[in-house]
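1. 3D, please:
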Amino acid sequence: MTAGIDAMASAPLLEPGVTCWRIARARRATVLVDGQDYFAAVLAALRSARRSVLLLGWAFDPRTRLLPDGFERGDEPDEIGQVLLALASSWPGIDIRILIWKSQLPIEATQDFFPHRARAWFADSPVKFRLDDETPLAGCHHQKVIVIDDSIAFCGGADFGVDRWDTPAHPDQDARRIDPSLSNHPPRHEVAMLVDGEAARALGDLARERWRRATGEVVAPTLVDGADDGWPAEVKPGLAEADVGIVRTEPAWRGRPLVDEWKRLTLAAIAAAQESIYLENQYFTSPVIAEALARRLTEPNGPEIVLVSTQSSPSWFDQLTMDRARGVALARLRRADVFGRFRAFCPVTAHGRPIIVHAKLCISDGRVLRVGSANLNNRSLGLDTECELAVEAANAKAATAIRRLRDRLIGHYLNRTPSDVERAVKREGGLIAAIQSLNRGARLKPIEPPRSTALGRLIAGYHLGDPLGVEDAWRPWLRRARLAAEVRAIAEGEAARARA
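-> Below you'll find the model as predicted:
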C-alpha cells in the first residue's frame with residue numbers, strides 16, 4: 001500500500017481553527033497550470049458572470065491580456081479591464097469589486113505605477129476599484145482570490161500583470177508573451193486552483209470580510225440559484241466531491257490576533273510526509289521551514305524533498321535579500337541530507353533561458369495538495385495576508401489524482417508526459433532518481449547559491465527585507481532572536497518525539 005493511501009487512515013491534517021479556517025465541499029476542483037490555462041478559465045468565467053465578481057490581489061494591471069492568441073482571430077477584447085467594463089455594461093445590476101494592495105512607491109515603480117493608475121481605468125464606471133492600505137507598514141495584502149457569483153472561485157499565486165502569461169511549454173520566444181511596450185517578457189510558471197460549491201461560497205465570505213476591513217463597507221453574499229453553474233466548459237475537473245481547507249495568514253495588528261494557519265499546516269504536512277514532499281515556490285528563506293525539512297532528512301526512512309524555484313530572483317532587491325537567505329536555507333538542508341534525499345532545481349527553457357517560478361504549491365505524498373499565495377519565507381508566516389486552498393485525499397482515487405498532478409508538473413519542465421514520470425518513479429524507486437533519469441536535456445538544473453560576501457552574510461543573518469511579524473518588522477535584531485527561538489523549538493520538539 002502506498003504512503004498516500006495509507007496516510008488516509010491517520011489523523012487528518014486539516015483541522016478548522018488550527019491548520020485551516022474552514023473546510024468546505026467543492027463538487028469540482030482542479031489545478032490550472034500556467035497563465036495560458038488560468039487566464040483563459042478566468043476569461044470564460046467572467047463572461048458567464050451575472051450577479052457578482054469580487055477580486056482580491058497584490059497587483060493588478062487592467063491591460064493584462066487573458067487570451068492573447070484569441071484576439072488576433074477576431075475575438076472580443078481580452079484585456080481584463082475591458083472585459084470587466086463590458087461585463088458591467090452588459091449586466092447593469094452586476095456587482096463588480098476589485099481590491100488591490102496599496103503598494104509603496106518602490107514597488108509601484110516596478111509595475112509602471114499600476115495598480116494606482118488602474119483607478120482611472122474604472123473611474124465613472126460601475127466597477128468598484130479600491131486600494132487596500134489596511135496592512136502593517138512593512139506588510140502587504142498578498143491574497144489572490146476571484147469569486148464569481150459565489151458559485152465558482154479561483155485561488156493561487158498569480159496576479160493580473162502584463163508579464164504573467166505563458167504556456168506550459170515555456171518556449172524561449174513566444175510572440176504572445178509581449179507587454180504593452182512591445183517587449184517580450186520572460187517565461188513564467190504559475191499555478192492556481194478552481195473550485196465550486198460550498199468552497200467557492202466560503203472564499204466569497206473571506207473576500208467580503210477583506211473588503212469590509214479595507215473599505216468599511218459590508219457586502220451581502222450573492223444569492224446562489226441551484227441552477228447556476230459558471231464552471232468553464234473547457235476546464236476538466238481534476239477532483240470531485242473534495243473537502244477543501246481554506247488556510248490563512250493574517251498579522252497580529254490593530255487588536256486582531258495572529259492567524260498562522262498556513263504555518264501550522266506547513267509544519268504538520270512536513271512532519272506527516274512519508275514518501276515525498278514536492279515544493280514549487282518563488283522564495284525559500286524561512287529558517288523555521290528549513291529546519292523542519294532538515295529534521296526529516298536526517299531520518300533514515302524519511303521522505304524525499306524536491307524544491308523547484310528560480311535560479312535567481314528577477315528583481316535586484318530580491319537578489320540582494322531573498323536569494324542570500326535562500327542560500328543559507330539550502331545549505332542547512334544540504335548539510336542535513338546524509339541519505340541523499342534532497343534536491344533543489346531551477347527550470348530552464350530548451351535553450352537554457354531561466355523560467356521564473358512564481359507558483360506556490362506543495363504536494364505531500366498522494367495525501368495533501370496545497371495551492372495558494374504563500375511563499376516559503378518569513379513574511380508568509382505572520383506578516384502578510386495569505387490564502388491557500390488545501391485538499392486532503394479522502395480515497396485512493398483522490399490520492400492518484402494528486403500524484404498525477406505532481407507528475408504533470410515535473411513532466412512539463414522536462415518535456416515529458418505525466419505517465420513518463422509515473423513510470424520513471426516506479427522504475428527508479430523514487431522521485432529524485434526519476435527526475436535524474438528523465439533530465440537528459442538538463443531542463444532542471446541544481447540551484448547554485450550566490451557568491452558569499454560580508455554584506456550578503458549580514459543580510460541573510462538578519463533576514464533584512466523578510467520580517468517574521470509586526471513586532472520585528474523594523475527591528476531585525478529581534479527578528480534574528482525570534483527565528484533562533486523557533487528553530488530551537490522545532491529541534492527540541494523533534495528530540496522529544498524521538499525519545500517518546
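
2. hey, let's count contacts and neighbours off CA atoms from now on
-> Fine.

3. now this protein, which segments are flagged as low pLDDT?
-> 1-9, 70-75, 105-114, 226-228, 495-500 (pLDDT under 70).

4. Point to the residue nearest the middle of it.
-> Residue closest to the average C-alpha location in the chain (CA atoms, centre = their mean): residue 360, at 2.8 Å.

5. ok, the residue nearest to it when sequence neighbours are not counted - contacts?
-> Nearest residue to residue 360 in three dimensions, chain neighbours excluded: residue 281, at 4.6 Å (CA to CA, 6 or more residues apart in numbering). With contact set as CA atoms under 8 Å, 6 or more residues apart in numbering, residue 281 has these partners: 307, 308, 309, 357, 358, 359, 360, 361, 375, 376.

6. go with 10 Å
-> Listed by CA atoms under 10 Å, 6 or more residues apart in numbering, the contact partners of residue 281 are 157, 189-190, 307-310, 357-362, 373-377.

7. My guess is residue 276 contacts residue 425. True?
-> No - at 11.3 Å, residue 276 does not count as touching residue 425 under the criterion of CA atoms under 10 Å.

8. which one of the two has more residues nearby?
-> Legend: neighbour count by other CA atoms under 10 Å for residue 276 and residue 425, higher for residue 276 (23 against 18).

9. What does that one show for phi and psi?
-> Main-chain dihedrals, residue 276, degrees, to the nearest 10: phi -160, psi 150.

10. ok, it to residue 97 distance?
-> Using CA to CA, to the nearest Å, residue 276 is found at 40 Å from residue 97.

11. Would you mark the buried spots in the host helix or strand of residue 45?
-> Assigned by DSSP states H and E, residue 45 belongs to helix 34-47. Using 16 or more other CA atoms under 10 Å as the test for burial, helix 34-47 gives 34-46.

12. Check which helices and strands that helix sits against.
-> strand 22-33, strand 52-57, helix 80-90, strand 145-148, strand 152-156, strand 188-189, strand 191-196 (3 or more CA pairs under 10 Å, 6 or more residues apart in numbering; DSSP states H and E).

13. what's near enough to touch residue 174?
-> By CA under 10 Å, 6+ apart, residue 174 lies in contact with 166, 167, 184, 185, 186, 187.

14. Does the third one touch residue 171 like I think?
-> No - the pair residue 184 and residue 171 does not pass the contact test of CA under 10 Å, sitting 11.9 Å apart.

15. re earlier: now intersect the contacts of residue 281 with the strands, please.
-> 189, 307, 308, 357, 361, 362 (DSSP state E).

16. Dump the residues you listed into TSV; add distance to residue 455 as well.
-> Shown next, in TSV, are these (distance: CA to CA, whole Å):
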residue	distance to residue 455
189	31
307	26
308	26
357	26
361	31
362	32
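
17. Can you list the buried residues in stretch 184-194?
-> For stretch 184-194, by 16+ other CA under 10 Å, it's 185, 186, 187, 188, 189, 190, 191, 192, 193, 194.

18. The spatially closest residue to the last one that is not a sequence neighbour: neighbouring residues, count only.
-> Spatial nearest neighbour of residue 194, chain neighbours left out: residue 154 (4.6 Å); criterion: CA to CA, 6+ apart. When neighbours are counted by other CA under 10 Å, residue 154 registers 27.

19. my guess is residue 154 meets residue 42, correct?
-> Yes - here residue 154 reaches residue 42: they are 8.1 Å apart, a contact under CA under 10 Å.

20. Return every residue with contacts to both of those two.
-> Joint contacts of residue 154 and residue 42 (CA under 10 Å, 6+ apart) are 146, 148, 194.

21. for these, which one is nearest residue 215?
-> residue 146 (17.8 Å; CA to CA).

22. in the sheet, who's paired with the closest residue in space to the closest one that isn't next to it in sequence?
-> Nearest residue to residue 146, sequence neighbours excluded (CA to CA, 6+ apart): residue 55, at 4.4 Å. Using DSSP bridges, the bridge partners assigned to residue 55 are residue 98, residue 146.

23. what's the burial count for residue 55?
-> Number of residues near residue 55 (other CA under 10 Å) recorded here: 23.

24. give me every residue that touches it.
-> Contact partners of residue 55, counting by CA under 10 Å, 6+ apart, are 96-100, 129, 143-148, 153-154, 204, 207-208, 211.

25. One more pass at 6 Å, please.
-> Counting by CA atoms under 6 Å, 6 or more residues apart in numbering, residue 55 touches 98, 145, 146.

26. How about residue 286?
-> By CA under 6 Å, 6+ apart, the neighbours of residue 286 are 377, 378.

27. cool, the one 10 residues further on as well?
-> Residue 296 sits next to residue 302 when contact means CA under 6 Å, 6+ apart.

28. Pretty sure it sits in a strand.
-> No - Residue 296: not assigned to a strand; according to DSSP: H, G, I helix; E, B strand; the rest coil it is helix.

29. you'd agree residue 319 is in a strand?
-> No - counting by three-state DSSP, residue 319 falls outside a strand, being helix.

30. Which residues does the strand or helix carrying residue 328 contact?
-> Here residue 328 is covered by helix 322-336, with elements defined by DSSP H and E. Helix 322-336 is contacted from outside by 284, 285, 290, 294, 297, 298, 449, 456, 460, using CA under 6 Å, 6+ apart.

31. quick one: secondary structure of the last one?
-> Just to be clear, that refers to residue 460. Residue 460 ends up helix, using three-state DSSP.

32. burial count for it?
-> Neighbour tally, residue 460, other CA under 10 Å: 24.

33. what does the one 10 residues further on give?
-> One way to gauge burial is a neighbour count; for residue 470, by other CA under 10 Å, it gives 21.

34. Report the spatially nearest residue to it, omitting neighbours in sequence.
-> Once flanking residues are discounted, residue 470 sits nearest to residue 383: 6.1 Å by CA to CA, 6+ apart.

35. residue contacts, the residue lying closest to residue 147 once chain neighbours are set aside?
-> Spatial nearest neighbour of residue 147, excluding adjacent residues (CA to CA, 6+ apart): residue 153 at 4.3 Å. The neighbours of residue 153, taking CA under 6 Å, 6+ apart as the test, are 146, 147, 194, 195, 200.

36. ok, of these, which one's closest to residue 338?
-> Checking those against residue 338 with CA to CA, the nearest one is residue 194 at 39.0 Å.

37. Pretty sure the closest one sits against residue 30.
-> Yes - assessed by CA atoms under 6 Å, residue 194 is found in contact with residue 30 at 5.4 Å.

38. Could you count how many residues lie near the residue lying closest to residue 43 once chain neighbours are set aside?
-> In this structure, residue 43 finds its nearest non-sequential neighbour in residue 66, 6.3 Å apart by CA to CA, 6+ apart. Using other CA under 10 Å, residue 66 is surrounded by 28 other residues.

39. Next SSE downstream of the strand or helix carrying residue 425?
-> Element membership for residue 425, per DSSP H and E: helix 418-428. Note on helix 418-428: by DSSP H and E, the next helix or strand toward the C-terminus is helix 431-438.

40. For that next one, list every residue counted as buried.
-> 431, 432, 433, 434, 435, 438.

41. Just give me the closest of those to residue 444.
-> Closest approach to residue 444 among the buried residues of helix 431-438 (CA to CA): residue 435, at 8.5 Å.

42. Now do the closest one against residue 441, distance only.
-> In this view, residue 435 and residue 441 are 11 Å apart by CA to CA.

43. Many thanks, we can stop here.
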